[in-house]
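Undergrad: sequence isn't available, so here's the structure alone:
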């Protein structure tokens, strides 16, 4: 199987039992890596927060796997095509590459919320796909996002959940987590603060 990694298409094999498993940072996209104005339909509409490339580079240099996991129901809703989404994610990888940073994998759910799929967060499907592709120690891993569903997914698979406050609904997400008694391991003002907390651990 070929996936976009480090700005290049590379072959990925399922991890073997002898492979050393690594801590991984699963990161949400909209509201976490970039401003979230609504459905982003083209590369021209996409721009990372300024501190994101350097923060991801720090994770790369620390030897952590970095995988983006994002719900993109705009495909099912007909707001943009799969090709549009791939073009957006290629722009993201290209922008990161300018700082010599990279995402090890990009996973997304294209389904409508009513489809009942296993991959839409907070369901664990994208993390299950990641584990099939990469040697991941889920218990030593983190999920970083701006929605309560990111935190719910983290604890559903036994990872730590970090809520960033850069999303449109981050304050509401924090309130939902408290109402549901869903533990948030760290509340970060932005993604770079989340990375600093991860690296201190």
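TA: On my side now, so go ahead. Since the model is a prediction, treat every value here as computed from it, not as a measurement.
Undergrad: measure residue 88 to residue 106 for me?
TA: According to C-beta to C-beta, to the nearest Å, residue 88 stands 10 Å off from residue 106. For glycine as for every other residue, the C-beta is placed from the backbone atoms N, C-alpha and C.
Undergrad: likewise residue 48?
TA: Separation of residue 48 from residue 106 (C-beta to C-beta): 14 Å.
Undergrad: may I have the beta-bridge partners of the residue most central in space within the chain?
TA: The residue lying closest to the centre of the chain (C-alpha atoms, centre = their mean) is residue 27, at 2.4 Å. Following DSSP bridges, residue 27 is listed with bridge partners residue 68, residue 144.
Undergrad: quick one, what contacts it?
TA: By C-beta atoms under 8 Å, 6 or more residues apart in numbering, the contact set of residue 27 is 33, 66-69, 143-145, 191.
Undergrad: what comes up buried for the helix or strand containing residue 196?
TA: Assigning secondary structure by DSSP states H and E places residue 196 in helix 191-200. Across helix 191-200, burial judged by 16 or more other C-beta atoms under 10 Å covers 191-195, 197-198.
Undergrad: turn the residues you listed into TSV, columns for distance to residue 150.
TA: Output for those, formatted as TSV (distance: C-beta to C-beta, whole Å):
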residue	distance to residue 150
191	12
192	17
193	16
194	11
195	15
197	15
198	14
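Undergrad: list just the nearest of these to residue 185.
TA: Using C-beta to C-beta, residue 197 is the member of these that lies nearest residue 185, at 8.6 Å.
Undergrad: and the gap between that closest one and residue 112?
TA: Residue 197 is 34 Å from residue 112, by C-beta to C-beta.
Undergrad: over to residue 92?
TA: Look at residue 92 and residue 112: by C-beta to C-beta, they are 23 Å apart.
Undergrad: neighbour count for the two, which is higher?
TA: Neighbours per residue (other C-beta atoms under 10 Å) separate residue 92 from residue 112, with residue 92 holding more: 24 against 14.
Undergrad: residue 66 in helix, strand or coil?
TA: With DSSP: H, G, I helix; E, B strand; the rest coil as the basis, residue 66 sits in strand.
Undergrad: do I have it right that it meets residue 24?
TA: Yes - contact criterion C-beta atoms under 8 Å: residue 66 and residue 24 qualify, at 7.3 Å.
Undergrad: out of the two, which sits in the more crowded spot?
TA: Relative neighbour count places residue 24 above the other of residue 66 and residue 24, with 26 against 22, counting by other C-beta under 10 Å.
Undergrad: wait, isn't the more buried one in contact with residue 135?
TA: No - contact criterion C-beta under 8 Å: residue 24 and residue 135 do not qualify, at 9.3 Å.
Undergrad: overlap in contacts of those two?
TA: Common neighbours of residue 24 and residue 135 (criterion: C-beta under 8 Å, 6+ apart): none identified.
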